[in-house]
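Visitor: have a look at this prediction, sequence included:
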Amino acid sequence: MSEANLKDLNDLDVFVEGVPHDTFTYWREHDPVHWTEEPGGRGYWSLFDYESVTTANRDAATFSSEEGGTLIRDLEPEALEMNRMIMLNMDPPKHTRYRLLITKGFSPRHIRALEQGIDAQATKIVDNVIERGECDFVTDLAAELPLQVIADIMGVPQEDRHMLFEWSNRMIGSEDPEYMEENGAAGPESAQIELFAYASALAQDRLANPRDDVISAIVHAEIDGDRLTEMEVNVFFLLLAVAGNETTRNLTAHGMQALFDFPGQRALLQADLENRLNPAIEEMLRWGVPVLNFRRTVMKDVVLGGKNIPAGDKVALWYMSANRDEKVFANPFDFDIARTPNDHVTFGGRGPHFCLGANLARTELRAIFREILTRMPDMMPTAPQSRLRSNFINGIKHMPVKFTPGKRSDA
């Protein structure tokens, strides 16, 4: 492949067609720390190989999430200031203090206590479609479990969970024609306003009537002796609502698509689900990275991949590319459910921003795939998937499937 045929990673339409793996592969081989021009922007360094991505991810003092936020594009000062209130866009020690507020709700012990309930929810989700023999895998199966679970954890009534789904789509899909057409003027700004209004009302209720949920923990917590402000509570809610359903929804869809594309691996998994499911989930995580990249801002001059990167420059950590690095993963374009070791960077790699919901995501993936592969063993796609127009979220919006109709578990 020549440079003339490489894809422009700033072009969102490129990602509607699919992940530009040929371009990632070229740059990993020829220039893994590559200066990338940015139309209308000041440009940035793209980190394509595993070593540079993990190095930057672990060094928060040099590669800041807070200075310029975690989106590649530069934000206006007012928007950046609000973004810095979101834990994702904080650096230690501030990030550490805020993260501790909700760590208990996502600890391995707490997730294990939820596991039986998550399994039951997965069963009911499959019950709701199994008699039909067809469905939209994304909206009917992949989206439902993370929505139901994060609603329970946050303290959102189940009847309100689809508002989280809608708000997430309107914010994350703000540059996707489908969501723009559906929502018209009711785009990302109005979605954020609606979400904040809902979060404020829920927080006020939990102040007066605390429960065993994350929102109660947040509104009654103190940072350096002070309670969180209304806006701080709102942005906490935003982060949990979006990250808690968007990422696992897309991981589930990509995992199922991988099983469609590699029927031999699917047959191996279905033949020994009990022993092969956990490593298969890890390979799905490597394969279907839901967040394509995060941006960091360089706080001091640094040398990375042989390049002198001055303070103030921004870098994009391309997690999808790092997960296909031939130096780390043998035959990286083979979906291999027995792959070991499988030290993927889907949850951010090691570092202060390692995904807080990693244990929850794995539990949800195990639950839904156990149900699907056991009760819908012949599921197949009926049309090509529809992808999100984004170079940030590796999203699948729709994936029509069919299967032999079955019986509900309570029939």
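Guide: Perfect, I can see it now.

Visitor: quick one: residues contacting Val33.
Guide: Val33 is in contact with 45-49, 52, 304-307, 309, counting by C-beta atoms under 8 Å, 6 or more residues apart in numbering. To be clear about C-beta, it is placed using only N, CA and C from the backbone, and glycine gets the same treatment.

Visitor: any buried residues in stretch 25-34, and which?
Guide: The neighbour-count check on stretch 25-34 (16 or more other C-beta atoms under 10 Å) flags 25-28, 31-34 as buried.

Visitor: Val289 against Thr346, yeah?
Guide: Yes - applying C-beta atoms under 8 Å as the test, Val289 and Thr346 come out as touching, 5.1 Å apart.

Visitor: overlap in contacts, the two.
Guide: With C-beta under 8 Å, 6+ apart as the test, Val289 and Thr346 both reach 319, 323.

Visitor: picking that back up, buried among the contacts of Val33? Need that as a selection in ChimeraX.
Guide: Buried residues within those, by 16+ other C-beta under 10 Å, are selected in ChimeraX with:
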select :45,46,47,48,49,52,304,305,309
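
Visitor: what's the closest of the contacts of Val33 to Ala151?
Guide: Nearest to Ala151, judged by C-beta to C-beta, of those is Leu47 at 35.2 Å.

Visitor: wait, the closest one touches Ala56, no?
Guide: Yes - counting by C-beta under 8 Å, Leu47 does reach Ala56; the two are 6.0 Å apart.

Visitor: between those two, what contacts are shared?
Guide: Common neighbours of Leu47 and Ala56 (C-beta under 8 Å, 6+ apart) are 304, 315, 317.

Visitor: can you give me the neighbour number for Asn209?
Guide: For Asn209, the count of nearby residues is 8 (other C-beta atoms under 10 Å).

Visitor: test my guess that Val19 contacts Trp318.
Guide: No - Val19 is not in contact with Trp318 according to C-beta under 8 Å; the separation is 10.2 Å.

Visitor: what about those two, which has more around it?
Guide: Counting neighbours by other C-beta under 10 Å for Val19 and for Trp318 shows that Trp318 has the greater number, 27 against 20.

Visitor: residues touching that one, list them.
Guide: Applying C-beta under 8 Å, 6+ apart, the residues near Trp318 are 24, 46-48, 53, 292-293.

Visitor: nearest to Gly406, of those?
Guide: Leu292 (35.7 Å).

Visitor: quick check: that closest one vs Thr70, distance?
Guide: If you measure Leu292 against Thr70 using C-beta to C-beta, to the nearest Å, the figure is 12 Å.

Visitor: how about Asp226?
Guide: Applying C-beta to C-beta to Asp226 and Thr70 gives a distance of 25 Å.

Visitor: cool, Gly306 as well?
Guide: Gly306 is 25 Å from Thr70, by C-beta to C-beta.

Visitor: please apply the same query to Asp272.
Guide: Using C-beta to C-beta, Asp272 is found at 39 Å from Thr70.

Visitor: neighbour count for these two, which is higher?
Guide: Thr70 (21 against 10).

Visitor: which residue packs closest to the more buried one, ignoring adjacent ones?
Guide: Leaving aside its chain neighbours, Thr70 sits nearest to Phe294 (4.6 Å; criterion: C-beta to C-beta, 6 or more residues apart in numbering).
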